[in-house]
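>>> Predicted model and sequence follow; I will ask about them next.
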Amino acid sequence: MDKIKDSILKKIEQFDQIPVFSDDIQKLTEARYSDENELMALLKYEIPVVTNILKLANSSMYEVDRKYGSLEELLNDLGFEELKKLLTMSLTTNIYAKGSGYEIGKGEMRRHSIASAIISKYLKPFLPDVALSRDLFTCCLIADIGKLVLSEEISTANYKINQLLKNEEIDFLTTEKRVIGITHPEIGARILNNWEFPPEIIQAVRYHHDPTLVENAPLTHFVSLSDTIAMLAGFATGIDALEYRAFPDLFKKYGIKQKDIEVILMESINEIKEIIPYNPA
């Protein structure tokens, strides 16, 4: 297991950017970008592109005193022309992902991430600070980037993982730790730390499956809540599906009742269906 973990840690250091894999990437490469609202609408759900742009903006090429967690913040500070430059740089490596060892069907990770991000918008009335909503949307999109690094190991260990889940009462995160020696949230947090993302976003990615381990961390908590509701809606990420712990006390903590969840699901599903095919698990 130590050899596997060491190999994974090397992969993290070499993981320079998220591959651009959207089927709609042609829209981005052909768009004229004459209107910032049009560009922001196109970019909104392009998870790898958004992440790569934020990574570039947070690098040493910009001498700024802050770390960006959303495109809106970046646009406000650096302006439309600079955003377009960052987009061009982000698309220079136009690599398409061939899927992930976590997926049963192609595109499941992307569908789950987008569904979770959309659902997070409908949780806005429950946020203790409305300003959290920007980072929340970004966090939901990139929460599972660690899975891109672990893909090969998960594919290799698929049988062992399924046997553990079947025979023992443990969740998927515990299974990852036991079989591989490190979890995808740990990897995701390391990647974002390397890319100099804001610490609150790094924390949210690290603990989105263990939200009760961090107190006074509403961003982390709401990423977990969005993730849970997305899975309840049928947008699971593949082999891990619903194999995670639920945290009902979090819903109670923020005053989210069963009827609220039902309304959120009803209202968000239509928007999700407009962006991605609706194929409940």
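Ah, there it is.

>>> where exactly do the helices run in the stretch 51-200 of the chain?
Applying DSSP state H, counting those that start in this stretch to the stretch 51-200 of the chain gives helices spanning 71-78, 80-90, 108-122, 132-142, 146-156, 158-167, 172-180, 184-194, 199-207.

>>> by contact count, what packs against the third one?
I take that to be helix 108-122. Helix 108-122 makes packing contacts with helix 47-57, helix 132-142, helix 218-232, helix 258-275 when contacts are defined by 3 or more Cβ pairs under 8 Å, 6 or more residues apart in numbering; DSSP states H and E. Backbone N, C-alpha and C define where each C-beta goes, glycine included.

>>> buried residues in the third one?
For helix 218-232, a neighbour-count test (16 or more other Cβ atoms under 10 Å) marks 218-231 as buried.

>>> Please save the CA atoms from stretch 212-228 in PDB.
C-alpha atoms of stretch 212-228 as PDB (Å, rounded to 0.1, in the frame of the first residue of the first chain):
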ATOM      1  CA  THR A 212     -18.500  17.400  10.900                       C
ATOM      2  CA  LEU A 213     -14.700  17.200  11.400                       C
ATOM      3  CA  VAL A 214     -14.600  21.000  10.900                       C
ATOM      4  CA  GLU A 215     -16.600  23.400  13.000                       C
ATOM      5  CA  ASN A 216     -17.700  26.900  12.000                       C
ATOM      6  CA  ALA A 217     -17.100  26.000   8.400                       C
ATOM      7  CA  PRO A 218     -20.400  26.700   6.500                       C
ATOM      8  CA  LEU A 219     -18.700  26.500   3.100                       C
ATOM      9  CA  THR A 220     -17.600  22.900   3.800                       C
ATOM     10  CA  HIS A 221     -20.900  22.000   5.300                       C
ATOM     11  CA  PHE A 222     -22.900  23.300   2.300                       C
ATOM     12  CA  VAL A 223     -20.700  21.600  -0.200                       C
ATOM     13  CA  SER A 224     -21.500  18.400   1.600                       C
ATOM     14  CA  LEU A 225     -25.200  19.200   1.700                       C
ATOM     15  CA  SER A 226     -25.300  20.000  -2.000                       C
ATOM     16  CA  ASP A 227     -23.400  16.800  -2.700                       C
ATOM     17  CA  THR A 228     -25.800  14.700  -0.700                       C
END
